[in-house]
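Colleague: Predicted model follows, preceded by the sequence.
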Amino acid sequence: MRVNAAIHVPKLPKVPFSVPKLPARKVQVEQLKTSTDGRIPLEKNAITTQTCEDLCNSSKCSKSITQLYAILEAVDDRVEMHKNMGEQRNNWNTLLLNSINMMTLTASTMAGVSAATGGALALKLSSGLLFTAATGMLAIMNKIQPSQLAEEQRNATRLFKQLETQIKTLIALGDPTEEDVKLAMEKVLALDKAYPLPLLGAMLDKFPAKFEPAVWWPSTQCQRKSESQNKKMEKGNGWSKDLERELREVIEVVKSKDIEDYERLGNLALKINKALAIAGPLLTGIAAAGSAFLGDGPLAAIVPVMAGSLAAAINAFEHGGQVGMVLEMYRNCAGFFQLLETSIESTLEDQDLEVRENGELLEMKVAMKLGRSLSQLRELARKSDSYRMEGIAMDEFASKLF
């Protein structure tokens, strides 16, 4: 028996679709004309002329741009170095503080136990050695001020990053000059001098006779010359008599309130730091001498125990509270206001408006640096002017940031 089977597959409907045709590429071929002498010169046209001009301009700027990129690499390397050194010196502060306090408190405990148990020789010697070692380590720590060193490196990292941004902006805007390269190098060297990396021979004096603001910028004359070459704008350059008067009033407020206040606080922090730096090693030295002549009885341990305890408390307040870091912060803030004052005064001294930095741009920069809007900055200037005319002392600081 034969079985026949068949499968019928329905025909699928045709789906029309179209493929977009690619546009034909138009290739511009420059016409070459054969001269009578057999040579084939290029036809001079608009495209060729523009290309040559661009190449000339790029070759003209390539030297300055290459130099700025080289400076940028050095700045980026300095940012990393200062960041690493800041972390290291912050660790120094923590480790030395904990180690010295543990040594001091352990020596005080040994002195007390030795006096109470009849004056064991081993405890006397151990207490004396620990106090002596703590005195030497504390003297070194107070000399270098690790918390202040760490703050110096943090400030240097921030300022080098700021300089890095300025150089990148200068390259992005294009057409840098040799003066821009020279100014960038001077800024790098000024920062190196203001915030040195090594300790031996180059470390800043941590206990100067007088509080001085930090200075990390080059000469104002060179800076103003470079800025004047790159920021020429429309006629008048954004300046007016009202704007000049406004900026002069702002500077008067900065000098009479902000700079004066930070100098007062800086001198106070410097005196406190000096007193604490002397008192700590002096007390541990007294405790070491007292433990050397430690006798029998509870009263014999009063001098080493009390001196060691006071030394630990002073050390904790000085380095745990980071008084050196606070002092460096005041130095940096005072330097910031001094730089603001110097830059504005040097700009206003230039009588040629066309070579000044644009007035409206400078006003915006000053407002941002002081943490104010433009309306708040103008209100501050009007208030300062009215108070000065009435003979009343200004009751407001210029900056809202610090």
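Modeller: Cool, got the structure. Residues are numbered from 1 along each chain as shown.

Colleague: so where's this protein shaky on pLDDT?
Modeller: Across the chain, the ranges flagged by pLDDT under 70 are 1-61, 118-119, 220-236, 294-300.

Colleague: Do you have the helices of it handy? List them.
Modeller: 46-116, 121-144, 146-173, 178-194, 220-230, 241-253, 260-292, 302-315, 323-349, 359-369, 374-390 (DSSP state H).

Colleague: Dump those into a markdown table; add distance to Ala202 as well.
Modeller: Every C-beta, even on glycine, is put in place using the N, C-alpha and C of the backbone. Shown next, in a markdown table, are the helices of the chain (distance: least, CB to CB, whole Å):
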| stretch | distance to Ala202 |
| --- | --- |
| helix 46-116 | 13 |
| helix 121-144 | 12 |
| helix 146-173 | 12 |
| helix 178-194 | 9 |
| helix 220-230 | 24 |
| helix 241-253 | 34 |
| helix 260-292 | 20 |
| helix 302-315 | 26 |
| helix 323-349 | 16 |
| helix 359-369 | 30 |
| helix 374-390 | 39 |
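
Colleague: what separates the residue lying closest to Phe160 once chain neighbours are set aside from Lys365, distance-wise?
Modeller: Closest residue in space to Phe160, ignoring its immediate chain neighbours: Val79 at 4.6 Å, by CB to CB, 6 or more residues apart in numbering. In this view, Val79 and Lys365 are 23 Å apart by CB to CB, to the nearest Å.

Colleague: out of these two, which sits in the more crowded spot?
Modeller: Taking other CB atoms under 10 Å, Val79 and Lys365 do not tie; Val79 has more neighbours (18 against 15).

Colleague: about what we covered before: who are the neighbours in contact with the residue nearest to Phe160?
Modeller: Thr157, Phe160, Lys161, Glu164 (CB atoms under 8 Å, 6 or more residues apart in numbering).

Colleague: same deal with Leu270?
Modeller: Contacts for Leu270 (CB under 8 Å, 6+ apart) come out as Phe207, Pro208, Phe211, Leu327.

Colleague: try 6 Å
Modeller: Contacts for Leu270 (CB atoms under 6 Å, 6 or more residues apart in numbering) come out as Phe211, Leu327.

Colleague: Count the neighbours of the closest residue to Ser64 other than its chain neighbours for me.
Modeller: Leaving out its chain neighbours, the residue that sits closest to Ser64 by CB to CB, 6+ apart is Pro176, at 4.4 Å. Counted with other CB under 10 Å, the neighbours of Pro176 add up to 20.

Colleague: Now for Pro176: which residues touch it?
Modeller: For Pro176, the contact set (CB under 6 Å, 6+ apart) comprises Ser64, Leu68, Leu170.

Colleague: Please indicate which of these has the highest neighbour count?
Modeller: Counting by other CB under 10 Å, top hit in the contacts of Pro176: Leu170 with 22 neighbours.

Colleague: how far away is Glu363 from Leu380?
Modeller: 12 Å.

Colleague: Same drill for the two, tell me which one is more crowded.
Modeller: Per other CB under 10 Å, whichever of Glu363 and Leu380 has more neighbours is Leu380, with 22 against 19.

Colleague: give me every residue that touches the more buried one.
Modeller: Listed by CB under 6 Å, 6+ apart, the contact set of Leu380 is empty.

Colleague: how close does it sit to Met394?
Modeller: For Leu380, the distance to Met394 equals 9 Å [CB to CB].

Colleague: Pipe the contacts of Val79 into CSV and attach distance to Ile100 and neighbour count per row.
Modeller: Formatted as CSV, those follow (distance: CB to CB, whole Å; neighbours: other CB atoms under 10 Å):
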residue, distance to Ile100, neighbour count
Thr157, 28, 20
Phe160, 32, 26
Lys161, 34, 16
Glu164, 38, 16
